[in-house]
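Chemist: Pasting the sequence and the predicted model now:
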Amino acid sequence: MNIGYARVSTQDQNLELQLDALNKSGCQKIYQEKKSGKNTERPQLQKLLETLREGDTLVIWKLDRLGRSIRDLIQLVQELSEKKVEFVSLQDGIHTATPQGRLFFHIGAAFALSSGL
């Protein structure tokens, strides 16, 4: 099952662009959050992570919507891998089902987060 996660940092921002992309990518369920990525308390993300099962795919719009730092992103993707859950970042062209996707994840995460996005 494809399960999406969409997040914006403030109540004034709109989730519409992310939700549209996640729906078009085939997500059957989408968790939404309006919280800063720096906030460690993201209840919808926690609920999503508890829901994921082997064979599922976590789909996000862009890397910076998920993690607070490179370390957080790498740790999260490692946890997904251990659960046998794939990871897709639509805008970054990352899909961890392939060796190239896993490599590109690490490179993309470094660039996306170091540029302050």
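Modeler: Cool, the structure landed.
Chemist: use CA for all of it now, contacts and neighbours both
Modeler: Noted.
Chemist: And the helices in the protein?
Modeler: Along the chain, counting by DSSP state H, helices occupy 16-24, 43-51, 70-82, 99-114.
Chemist: Quick one: closest of these to Y31.
Modeler: Relative to Y31, the nearest member of those by Cα to Cα is helix 43-51, separated by 6.0 Å.
Chemist: Could you dump the helices of the chain into TSV and include mean neighbour count, distance to R7 and mean pLDDT?
Modeler: Formatted as TSV, the helices of the chain follow (neighbours: other Cα atoms under 10 Å; distance: least, Cα to Cα, whole Å; pLDDT from 0 to 100):
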stretch	mean neighbour count	distance to R7	mean pLDDT
helix 16-24	15	8	96
helix 43-51	14	9	94
helix 70-82	16	15	83
helix 99-114	16	16	69
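Chemist: Adding distance to I60, write those out as JSON lines.
Modeler: Shown next, in JSON lines, are the helices of the chain (distance: least, Cα to Cα, whole Å):
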{"stretch": "helix 16-24", "distance to I60": "7"}
{"stretch": "helix 43-51", "distance to I60": "11"}
{"stretch": "helix 70-82", "distance to I60": "12"}
{"stretch": "helix 99-114", "distance to I60": "13"}
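Chemist: Could I get the contacting residues of N2?
Modeler: Counting by Cα atoms under 8 Å, 6 or more residues apart in numbering, N2 touches G26, C27, Q28, K29, D56, T57, L58, V59.
Chemist: Just among these, which is most surrounded?
Modeler: V59 (25 neighbours; other Cα atoms under 10 Å).
Chemist: ok, that residue - contacts?
Modeler: N2, I3, G4, Y5, L22, C27, F87, V88, S89, L90.
Chemist: Now G26: closest residue in space that isn't a chain neighbour?
Modeler: Spatially, and ignoring its direct neighbours in sequence, G26 is nearest to N2 (6.5 Å; Cα to Cα, 6 or more residues apart in numbering).
Chemist: Let me fix that, I meant to ask about L73.
Modeler: Nearest non-adjacent residue to L73, counting by Cα to Cα, 6+ apart: G67, 5.0 Å away.
Chemist: Could you report the neighbour count for that neighbour?
Modeler: So G67, with other Cα under 10 Å, has 19 neighbours.
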